[in-house]
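> Show me how the following folds:
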Amino acid sequence: DFLRTEYIGTRWYRAPEVVLTSMEYTAAVDIWSAGCILGELISRVPMFRGKDFLDQIHRICEILGTPTDAELSFIPPTNEAARNFIKTRFPNLQRKSWTTIFPSATPEQ
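Modelled structure (predicted):
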């Protein structure tokens, strides 16, 4: 199953649930990818340029902050290790404001 996710889309546009090998592949995965592309169109650089899956999750958490338990609910209870990994590896990261990430963007964008 882990190898399967390595080939679903370019890493930079993968939803966290795909990076973390969740078995749930919903429309949210496509929405995430579209949002990454939209962010890239606005800033002219990819938002999450991870070198590997750990770096990818780190870059996501640097912008969106450490996920809450509710945000990690896609991780099955049988994989508590993945949930604990995220919380201990990237604790207390604060969500960045969109004006910080896209300083030159206008409300119309």
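> Show me what the helix or strand hosting R59 packs onto, helices and strands only.
Element membership of R59, judged by DSSP states H and E, is helix 53-64. Secondary-structure packing of helix 53-64 (3 or more CB pairs under 8 Å, 6 or more residues apart in numbering; DSSP states H and E): helix 16-19, helix 80-89. In short, each C-beta sits where N, CA and C put it, glycine included.
> Looking at this protein, which helix is longest?
helix 27-43 (DSSP state H).
> Can you tell me how far Y13 is from N84?
26 Å (CB to CB, to the nearest Å).
> Who has more neighbours out of the two?
Y13 (20 against 12; other CB atoms under 10 Å).
> residues in contact with R95?
Taking CB atoms under 8 Å, 6 or more residues apart in numbering as the criterion, R95 is in contact with I63, L64, G65.
> can you list those residues in TSV and add pLDDT and neighbour count?
Compiled in TSV, the contacts of R95 are given as follows (pLDDT from 0 to 100; neighbours: other CB atoms under 10 Å):
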residue	pLDDT	neighbour count
I63	95	15
L64	95	15
G65	95	15
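> separation between the closest residue to D52 other than its chain neighbours and L64?
Spatial nearest neighbour of D52, excluding adjacent residues (CB to CB, 6 or more residues apart in numbering): R11 at 7.9 Å. Applying CB to CB, the value for R11 to L64 is 16 Å.
> sorry, back to before: pick the most buried one from the helices and strands packed on helix 53-64.
Each of the helices and strands packed on helix 53-64 was scored by mean neighbour count; the highest is helix 16-19, a mean of 21, by mean count of other CB atoms under 10 Å.
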